[in-house]
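Undergrad: got a predicted structure plus its sequence, pasted below:
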Amino acid sequence: MLRHAIAPSRRFTKASHDVVRHQRLSSDAKILLLYVQGLPEDTSCKPLSELAKKLGIKGRAYQKAKEQLVAHGYVHEWRTQGGRGRWITEQLVANTPLTNEQAEHLRGAPPATPPPSTQIPTVGEPAARTVGGHKPVEDHSDKTTPHPPSEAEPTAGPDPEPTARPADALQLARAERVLLSLRHTRRELHLGLREARALAVEAVKWLERGLSESDLRQALLAERPEGGVRSAFGFLRYRLIQKLPAHPAPPSPPQLPAVADLVVCSSPGEEHVFRPLGDETECAPCRQSAARATFYGARAPEPDRIPWRERFAEIEVNQSHPGGQSRTRTPELKTVR
């Protein structure tokens, strides 16, 4: 590599090799640090972000470069609150890494907050209070108070009754339909739409307790009063509340039949046990065998459990002795071509 370098005689900035060859500082961080070092003293009052904008370092690039300079001790910041509550940010930029103690020493004592201003007293002697000249102000202390009244301490009372769950929309529609249909049977029980919706809340309780729509209609139409109905809404509301049926008793769990004990089968043969369903003394297979023997005159043959090799060997023996009697039936062999 060939190199040609001329030392500048003016308009230059001395840069430390520690900064230029720093491996953990990005190019933006290095350029920003060198740019601040070469500025005159009168530009020290400008914030670092404003100086970075002149170099085209903005947004996330500036934040990343600043984080690197702060992490390695080249930039230090302090935030203090002024006398009027405003926050002030002080920044220190150094060409060599500084610790927090060194930066605090270079910063010096923070600016003291000016004391609050004192009011200049009025010149002259105190004068007597002037009486009169204005109307008396009405006293509204009994009507309004500057502070709201204190809340009463909650007293321990009985537990509130559990609120009923909201009725289903489908059940409300069914109850409302039953109430509106009463006028077709008795004209004096004519209800408006709002009245039917108000009474449907009470009528739903009937449907939730297992009654059908016809049962509800029959209960509302039965026992017509002698003097007639003056108010359909009042009459139906009274009847829905007073004649509300009780909650149905919960269904009892089904009682399963008792399981019988195992008994010994009384049929001849190998001893075995079974579980009877009634008063029988023989198991079902033995009874089937006995019924077959009674119907056909012979006992039902027991299933042949001879292995297939021995069965075919017995078939060959029977075929070699045609005069002998075979105990098994010769299977028909088909030739497949």
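TA: In hand now; what should we look at?

Undergrad: low-scoring stretches of the stretch 51-200 of the chain, by residue?
TA: Residues of the stretch 51-200 of the chain meeting the criterion pLDDT under 70: 109-167.

Undergrad: in it, which spans are strands?
TA: Assigned strands in the stretch 51-200 of the chain, in chain order: 75-81, 87-93 (criterion: DSSP state E, counting those that start in this stretch).

Undergrad: any idea how many residues pack against the nearest residue in space to residue 197 that is not next to it in sequence?
TA: Take residue 197 and drop its neighbours on the chain: the residue closest to it by Cβ to Cβ, 6 or more residues apart in numbering is residue 176, 6.0 Å away. Any C-beta I mention is one placed from the backbone N, CA and C, and that applies to glycine too. Neighbourhood size, residue 176 [other Cβ atoms under 10 Å]: 20.

Undergrad: what about residue 176, distance to residue 215?
TA: From residue 176 across to residue 215, the span is 17 Å (Cβ to Cβ, to the nearest Å).

Undergrad: got it, and residue 87?
TA: Relative to residue 215, residue 87 is positioned 77 Å away (Cβ to Cβ).

Undergrad: higher neighbour count, those two?
TA: More neighbours surround residue 215 than the other of residue 87 and residue 215, with 14 against 8 (other Cβ under 10 Å).

Undergrad: so the more buried one is in which element?
TA: In this assignment (DSSP states H and E), residue 215 forms part of helix 213-221.

Undergrad: and the helices in the stretch 201-337 of the chain?
TA: 213-221, 232-242, 284-296, 308-320 (DSSP state H, counting those that start in this stretch).

Undergrad: so which of the ones you listed comes closest to residue 49?
TA: Nearest of these to residue 49, taken as Cβ to Cβ: helix 232-242 at 76.0 Å.

Undergrad: check which helices and strands the closest one sits against.
TA: helix 193-208, helix 213-221 (3 or more Cβ pairs under 8 Å, 6 or more residues apart in numbering; DSSP states H and E).

Undergrad: pipe these into a markdown table and attach distance to residue 262 per row.
TA: Converted to a markdown table, the helices and strands packed on helix 232-242 look like this (distance: least, Cβ to Cβ, whole Å):
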| stretch | distance to residue 262 |
| --- | --- |
| helix 193-208 | 49 |
| helix 213-221 | 50 |
